[in-house]
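# structure of the sequence below:
(chains A and B)
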2 protein chains.
Amino acid sequence: MRNVLLTITYDGTNFCGWQIQPNQRSVQGEIERVLSIVCDRTIRINGASRTDAGVHAYGQCASFQADFSIPIDKIPVAANRLLAVAQDRNNKKRRISADAAILSAEEVPIDFHARFNSLGKKYIYKIRNSHKPDPFQRNYSYSVGKTLDIRVMKKAAASFVGTFDFKAFQAAGGKELESTVRTVYGTQIYAEPASHMIILEIIGDGFLYNMVRIIAGTLVDIGLGKKTPDEIPYIISKKCRQLAGHTAPPNGLYLAEVFYKKERMLEAIKMMDGKEE
Amino acid sequence: MRNVLLTITYDGTNFCGWQIQPNQRSVQGEIERVLSIVCDRTIRINGASRTDAGVHAYGQCASFQADFSIPIDKIPVAANRLLAVAQDRNNKKRRISADAAILSAEEVPIDFHARFNSLGKKYIYKIRNSHKPDPFQRNYSYSVGKTLDIRVMKKAAASFVGTFDFKAFQAAGGKELESTVRTVYGTQIYAEPASHMIILEIIGDGFLYNMVRIIAGTLVDIGLGKKTPDEIPYIISKKCRQLAGHTAPPNGLYLAEVFYKKERMLEAIKMMDGKEE
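Predicted structure coming up:
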């Protein structure tokens, strides 16, 4: 029995999300389908994060245990080749450019689990701030036409760093029994003027349902002057979803990295602080 | 009666191409549909270029003549608002992010025609040169896994500049009666290492059917060592499609700009030479 950790990238536009759902095209379902062919047995994978429909990933991780004969380093190329084949109604196959790909596969200890062993995750949220439409960015960023004040957004983003009960930043309907305390290790906001982008990066030990999207929406509200950065500690302390801002749309959200090594995560947090100033 | 010149951008992925076709979603059809609402009468537009399915535009141009009451500078915002509304099967409307948008509208003399008055066009062709898959670029570039030799591609690209009979670079089945002589004013090839892109830019007075895609495919063949730059003059002189390279796919092609003013076109050609060095 071997245990394998996969790193996966996908454009979430045409998926129902990560998790398998009946009669829908999920990332998990597609990856399991091709891995089952490559490994010649039914493969079930455990993803580190259940991203929603429309949410993208540069570095989702997933693990699976199985007996199989193919060398582990050959899995990405073999699986990606199958992901790039579509079957039409007449069962005719044709090559397509796949919207998901396995970037790497590595053997891990048998008790390793992509979700439970994660020390933290990095998400990126992209906001396009221009009154000019850009069809090429429609699925890949949150389009905000009115000018955002990036300085107050930066100030507000810094207030999320720390260990707090983030209940106010959880989508309504979350499970009541679980703890809503999370630690945000670092945030940063920066502009990419050439593409009119304002980009939020956030690293935490874990995130509540829709937490990054509600933080992004709240930061947009602050950038528009509807809220002030000083309100963040108050909103957090009140644990009330209604006090936080709107939920930013899924298409601006990217799961950038899942951390399994402390040094790598500290390095990523440090790089943030470097950019912040 | 007024005559209006539109500049239009679109992501060609989900269109059957520029030109109206029965039961298919074309850019022309979508733009005419919303303009007819905005101008409160049936509008038919003339595009500068009939781009194929999957081909993109940063700056397609189209003109139309009509009597209407809305101020011309209000047309883009009004039309873009309608382009961003989709109707589902139950006739229910919802906001979407549009894959086409009007960037500008300006009044032009009554005898102006977007196609016939064009002095030239600039196309961009994007080649992604990496063995690593990138799902986010699948619809926006031609993916070539093997390493391309950009130096020989640059040398070959320069050979296309001039007035030639480009019959060898026209898709088979083109109209026999028309002249296949065209002038290419400038080309350049440069790398964007951060995104693994090799980018071809080309300006000419006009292009034959699939001409830019066959030039791009031939340059890829040269970058792979299947052909040499010295063969280009020979291929052109033989006027034989079979001697040129393969037709690169539509998703790497962008109509970047249509030129109506000589100074603007000379400026664009000059900027190319500047980058070339």
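# tell me the residues of the stretch 1-150 of chain A that contact chain B?
Residues of the stretch 1-150 of chain A that fall close to chain B, judged by C-beta under 8 Å from any C-beta of the partner chain: A:9-11, A:56, A:80, A:97-101, A:103, A:132-136, A:138-140, A:143. In short, each C-beta sits where N, CA and C put it, glycine included.
# can we see that at 7 Å?
A:9-11, A:80, A:97-101, A:103, A:132-133, A:135-136, A:138-139, A:143 (C-beta under 7 Å from any C-beta of the partner chain).
# in helices, which of the residues you listed appear?
Counted as lying in helices by DSSP state H, out of the residues of the stretch 1-150 of chain A next to chain B, are residue A:80.
# now the nearest residue in space to residue A:123 that is not next to it in sequence: how far from residue A:169?
Sequence neighbours aside, residue A:212 is the residue nearest to residue A:123 in space, at 4.6 Å (criterion: C-beta to C-beta, 6 or more residues apart in numbering or on different chains). Distance, residue A:212 to residue A:169, using C-beta to C-beta, to the nearest Å: 9 Å.
# of the residues of the stretch 1-150 of chain A next to chain B, keep whichever come out buried.
A:9-11, A:80, A:97-101, A:103, A:133, A:135-136, A:138-139, A:143 (16 or more other C-beta atoms under 10 Å in any protein chain shown).
# which of those fall in strands?
Those of these mapping onto strands are A:9-10, A:100-101, A:103, A:143, per DSSP state E.
# of these, which pair is most distant in space?
Using C-beta to C-beta, those span at most 28.2 Å, a distance reached by A:103 and A:143.
# one step back: quick check: the residue nearest to residue A:123 vs residue A:118, distance?
From residue A:212 to residue A:118 the distance is 15 Å (C-beta to C-beta).
# ditto for residue A:259
7 Å.
# these two: which has the busier surroundings?
Comparing residue A:259 with residue A:118 by neighbour count (other C-beta atoms under 10 Å in any protein chain shown), the higher total belongs to residue A:259, at 24 against 17.
# so which residue of chain A lies furthest out from the middle?
When distances are taken from the C-alpha mean of chain A, residue A:90 lies farthest, 35.6 Å away, according to C-alpha atoms, centre = their mean.
# state the pLDDT value of residue A:174.
Note for residue A:174: predicted pLDDT of 61.
# do residue A:85 as well
In this model, residue A:85 carries a pLDDT of 86.
# how close does the nearest residue in space to it that is not next to it in sequence get to chain B?
Nearest-residue entry for residue A:85: residue A:93, 5.3 Å, with adjacent residues in sequence omitted and distances by C-beta to C-beta, 6+ apart. Residue A:93 sits 18 Å away from chain B, going by C-beta to the nearest C-beta, to the nearest Å.
# distance check, residue A:93 against residue A:84.
Taking C-beta to C-beta, one finds residue A:93 at 10 Å from residue A:84.
# likewise residue A:142?
For residue A:142 relative to residue A:84 (C-beta to C-beta), the value is 29 Å.
# double-check that the residue farthest from the centre of chain A belongs to a helix.
No. Using DSSP: H, G, I helix; E, B strand; the rest coil, the assignment for residue A:90 is coil, not a helix.
# in chain A, where is pLDDT below threshold?
Along chain A, segments meeting pLDDT under 70 span A:173-177, A:273-277.
# what segments of it are helices?
Secondary structure of chain A by DSSP H: the helices cover A:27-38, A:75-83, A:150-158, A:211-223, A:231-238, A:262-276.
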